[in-house]
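Q: Show me the folded form of this:
(one chain, ligands or ions: 1)
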Amino acid sequence: MTSSPRNTAMAIRRVKISALGTYVPPRLLTNADLEKMVETTNDWIVERTGIRERHIVEKGVATSDIAVEAAKKALAFRGIEASDLDAIFVATVTPDMLFPSTACLVQHKLGAKKLWGVDLSAACSAFLFALQNGAQFIATGAHQRVMVIGADVMSSIIDYTDRATCVIFGDGAGAVILEAADEGSEGNSFIDFLHEVDGSGGGSLYMPGGGSLNPTTHETVDKKMHYVHQDGGAVFKFAVRKMADVCVQLLEKNGLKGSDVDVFIPHQANLRIINATADRLSLRTESVVINIDLYGNTTAGTIPLAMQTAIEDGRLKKGSLVLLASVGAGFTVGATLLRWAY
Ligand code: UT7
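A: Numbering: from 1, shown residues only. Next up, the predicted model:
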């Protein structure tokens, strides 16, 4: 007896990314601008981070707004309507507000009907974590199309008098559509993933105010607890070690080496972290996607934005073996292996 995947709760289907859309707000914040705001220099920022400019929203533009722009582009690329989606997962650490979820706001702004959605909080690894959450609904046959959005308006939680954090972050969004890959196809689908969290690193990168532990008061605002607080050195050391570790483990588990990877798309937090990872994995230089110079660290937005860069420069093609990797606040760590589907 045969049954369709739709009717078989545990029928495992291969999953692919069928569309990508990205968006950054038009306003630029350059290193020269930051030189006028805090005691820093273009040379320091470029040398220590690789960043030259980042995009930030105008006042009143929220995460749901940039998420919707990215979502519309992905839907247009795929040639479908928002109501053709079954679910929307929004990866973000800067929701418009604590509730309703940004996923609800995005659904409403897109005019999508009869779907569900939820936000996922895992800082810089949130896009990869959401990607795997979405993929499971396709793999089981529960859903036909899931949209995963990584979007952050980091400028809303950055202290622009703190030179150690304000030079790093930017705003941006990317959306992908997940669908079942062709039957029996191994050439265009997700292969494997490896995720990890280590809450012992929570104090190294966090926003202490505004939650249930420190509800917003005049005092929390005076103490700047509504901004990102970071021990840059501690995060840097962890990221350099763990981004490579997780990639090595995932590649080995699948009988692959760094040199097999066609396109490496890492979270863009610091050029030195990316280069250290590339060295340890013995990646081919041309396989490493870097756009941190143009966008800075957009948290959940970096990986889809880097996918877009790799498509535009012709590196990301149908059948490319792609390794995605992230390390972020939490700490959170993720890696995903896939073959690009279009
Ligand atoms: O995606 C989320 C995950 N986040 C990350 O992955 C961030 C990881 N960490 C980093 O990228 C780096 O640690 C930073 C870019 C944040 C800082 O770079 P660093 O090379 O680790 O600098 P540092 O914190 O060790 O500071 C070195 C010096 C200090 O001065 P003193 O104490 O040596 O006099 C800082 O005060 O650099 C100073 N400094 C700056 N100087 C000019 C810190 N920020 C700046 C700045 N301009 N913007």
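Q: residues near the residue of the chain at minimum distance from the ligand, how many?
A: Among the residues of the chain, residue 232 lies nearest to the ligand; the distance is 2.9 Å by C-beta to the nearest ligand atom. (Glycine included, C-beta is placed from N, CA and C.) Neighbourhood size, residue 232 [other C-beta atoms under 10 Å]: 15.
Q: Residue 315 too?
A: Neighbours of residue 315 under the rule other C-beta under 10 Å: 19.
Q: so the residue nearest to it when sequence neighbours are not counted bridges to which residues?
A: What sits nearest to residue 315 in space, not counting adjacent residues and going by C-beta to C-beta, 6 or more residues apart in numbering, is residue 263, at 5.5 Å. Beta-bridge partners for residue 263, by DSSP bridges, are residue 322.
Q: follow-up on the earlier one: for the nearest residue to the residue of the chain closest to the ligand once chain neighbours are set aside, give me phi and psi.
A: By the measure of C-beta to C-beta, 6+ apart, the closest residue to residue 232 outside its immediate chain neighbours is residue 164, 5.8 Å from it. The phi/psi pair for residue 164 (degrees, to the nearest 10) reads phi -80, psi -20.
Q: ok, back up a step: return the residues in contact with the residue nearest to residue 315.
A: Counting by C-beta atoms under 8 Å, 6 or more residues apart in numbering, residue 263 makes contact with 287, 289, 310, 315, 316, 320, 321, 322, 323, 340.
Q: That one and residue 155, how far apart?
A: 29 Å (C-beta to C-beta, to the nearest Å).
Q: isn't there a helix covering residue 179?
A: No. Inclusion of residue 179 in a helix is not indicated when DSSP: H, G, I helix; E, B strand; the rest coil is applied; the result is strand.
Q: Report how many residues lie close to it.
A: Going by other C-beta under 10 Å, the residues that sit close to residue 179 add up to 19.
Q: bridging residues for it?
A: residue 16.
Q: can you start the count at 805 instead of 1 from here on
A: With 805 as the first residue, the last one maps to residue 983.
Q: re earlier: switch the contacts of residue 1067 over to JSON lines; also include distance to the ligand.
A: Compiled in JSON lines, the contacts of residue 1067 are given as follows (distance: C-beta to the nearest ligand atom, whole Å):
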{"residue": "1091", "distance to the ligand": "21"}
{"residue": "1093", "distance to the ligand": "16"}
{"residue": "1114", "distance to the ligand": "19"}
{"residue": "1119", "distance to the ligand": "23"}
{"residue": "1120", "distance to the ligand": "22"}
{"residue": "1124", "distance to the ligand": "25"}
{"residue": "1125", "distance to the ligand": "25"}
{"residue": "1126", "distance to the ligand": "20"}
{"residue": "1127", "distance to the ligand": "18"}
{"residue": "1144", "distance to the ligand": "24"}
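Q: Out of these, which sit inside helices?
A: Using DSSP state H, the members of the contacts of residue 1067 that fall in helices are residue 1114.
Q: Is residue 1010 in contact with residue 1132, as I believe?
A: No. Under the criterion of C-beta atoms under 8 Å, residue 1010 makes no contact with residue 1132, lying 11.2 Å away.
Q: So which of these two has more stuff around it?
A: The residue with more neighbours, out of residue 1010 and residue 1132, is residue 1132; 28 against 17, by other C-beta under 10 Å.
Q: show me what contacts the more buried one?
A: With contact set as C-beta under 8 Å, 6+ apart, residue 1132 has these partners: 926, 927, 928, 929, 930, 1009, 1071, 1073, 1103.
Q: Domain-wise, how is this protein divided?
A: 809-984, 994-1143 (automatic domain parsing).
Q: Output these as a markdown table; include the columns mean pLDDT.
A: Rendered in a markdown table, the data for the domains of the chain read as follows (pLDDT from 0 to 100):
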| stretch | mean pLDDT |
| --- | --- |
| domain 809-984 | 96 |
| domain 994-1143 | 98 |
